[in-house]
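[1] show me how the following folds:
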Amino acid sequence: MSESSARSARRALVAIALCAAAAGGPALADTVVLRNGDRLSGTIRHLSPDKLTLSTRWGGEIAIDRAEVASFSTDGPVPWSPQWGGEPRRATFGTAPAPGVVTIDEGDGPRQVPMSRVALLKPTPQETENGVARKGRVTFSTGWSEGNSDSQRIWGEADLAARARDWRYDLGLKLRRESDGGQTTADRWLATGNYDRFVTETRFRYLRGSLERDRFKDLTLRSAAGGGYGVQMIDTERTQLSVRGGLDLVDENRIATPDDTHPAAGWGVDFKHRIGFASAEMFHDQQGFWNLEDTGQMTVRSRTGLRLPVRAGITASLQVNLDWEREPSPGRRSTDTTWLLGLGYQW
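    Sure thing, here's the model as predicted:
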């Protein structure tokens, strides 16, 4: 065979191989078989005692009630645990003909086991015995002008959170300072902290506290501390929503009006939702205090916005901070609204 003929033969073989690969079966993927006979393909993100979360090309991330799952398979070894809080092991799973049964292979040969023996698939750190998941975020924005008008603006936020199997905490700090023509026009800081202790997988008791200074709202220092009961209504990789309510003791040191200490009905809302196509995150968190001695007084502070990942942990954010008092000090307005555009880093 001539050299040119050999080259032609090699090209033909490569072309045949590529066509065979393209025409072959679909790429390996996890499979979920439902009790009604439907088969869903994608990537299993998580299996808990209540839900199976499957990421698909056609429907994004979907949550399936575990009671509706007849069997499932994985395209390779994945971490799993036979009990909540146990140390994870690794195995490859396959479907079984009988509903409520899976095939498991930990390297010593496949065997069929009831699905009830698989408590967790791809467990999160907080679902293991000693695991703790930590994350933090710092966001900063500044601006200034010189010339016919001189102004400066500094705003910053920092958040630190940790979650274990039975507890979690959140710490936050906000700073805002603005000046115009050498005169300070905004001077505020707020520090907050929450500690949650889970009594079930979705319900928790909490303690919380905060310290706030804002002399333009007539506050030398406002401190609040309290506790109560909360519910984690949604807790998936994509969406988290928790609500809480209880009692707080609020102590206010004022500049121009009398100081005050009073009990308050307190509440909180924390919501996050990841937009799959842009990897962006919508968020809203809120804290409220309703004076139980003077029910005309109520205080609400919240932040709402959107975070967009830029690169390697760097994020851009657009948010609005809203602080509202039903009965502000004389000469002050009820609502403070701040629109913010900043850059941050998260880990």
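[2] excluding its backbone neighbours, what's nearest Arg57?
    Computed as Cβ to Cβ, 6 or more residues apart in numbering, the closest residue to Arg57 that is not its neighbour in sequence is Gly42, at 7.1 Å. Glycine gets a C-beta too; all of them are placed from N, C-alpha and C.
[3] buried ones in the helix or strand where that neighbour lies?
    Here Gly42, judged by DSSP states H and E, is contained in strand 39-47. Residues of strand 39-47 classed as buried by neighbour count (16 or more other Cβ atoms under 10 Å): Leu40, Ser41, Gly42, Ile44, Arg45, His46, Leu47.
[4] pick out whichever of these sits closest to Gly288.
    Gly288 has its nearest neighbour among the buried residues of strand 39-47 in His46, at 32.2 Å by Cβ to Cβ.
[5] my guess is that closest one meets Ala119, correct?
    No - at 11.9 Å, His46 and Ala119 do not qualify as touching, with contact defined as Cβ atoms under 8 Å.
[6] before we move on, back to that, what residues does the strand holding Gly42 touch?
    With contacts defined as Cβ atoms under 8 Å, 6 or more residues apart in numbering, strand 39-47 is touched by 26, 29-34, 52-57, 61, 64, 66, 72, 74, 78, 80, 118, 120-124, 236-237.
[7] list buried residues within these.
    Here, 16+ other Cβ under 10 Å leaves 29-34, 52-55, 61, 64, 72, 74, 78, 80, 118, 120-123, 236 buried among those.
[8] mind jotting down where the helices sit in this structure?
    Assigned by DSSP state H, the helices in the chain fall at 3-23.
[9] pop the domain breakdown of it in here.
    For the chain, the structural domains run 8-127, 133-346, going by automatic domain parsing.
[10] for the ones you listed, give me TSV that also has mean pLDDT.
    Below are these laid out as TSV (pLDDT from 0 to 100):
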stretch	mean pLDDT
domain 8-127	82
domain 133-346	90
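[11] one step back: what about the buried ones among the contacts of strand 39-47, which are in strands?
    Applying DSSP state E to these, the entries found in strands are 30-34, 52-55, 61, 64, 72, 78, 80, 120-121.
[12] of all the buried residues of strand 39-47, which two lie farthest apart?
    Pairwise distances across the buried residues of strand 39-47 peak at 16.7 Å for Ser41 and His46 (criterion: Cβ to Cβ).
[13] residues near Ala312, how many?
    Neighbourhood size, Ala312 [other Cβ atoms under 10 Å]: 6.
[14] do me a favour and get the backbone dihedrals for it.
    Phi and psi for Ala312, reported as degrees, to the nearest 10, are phi 50, psi 50.
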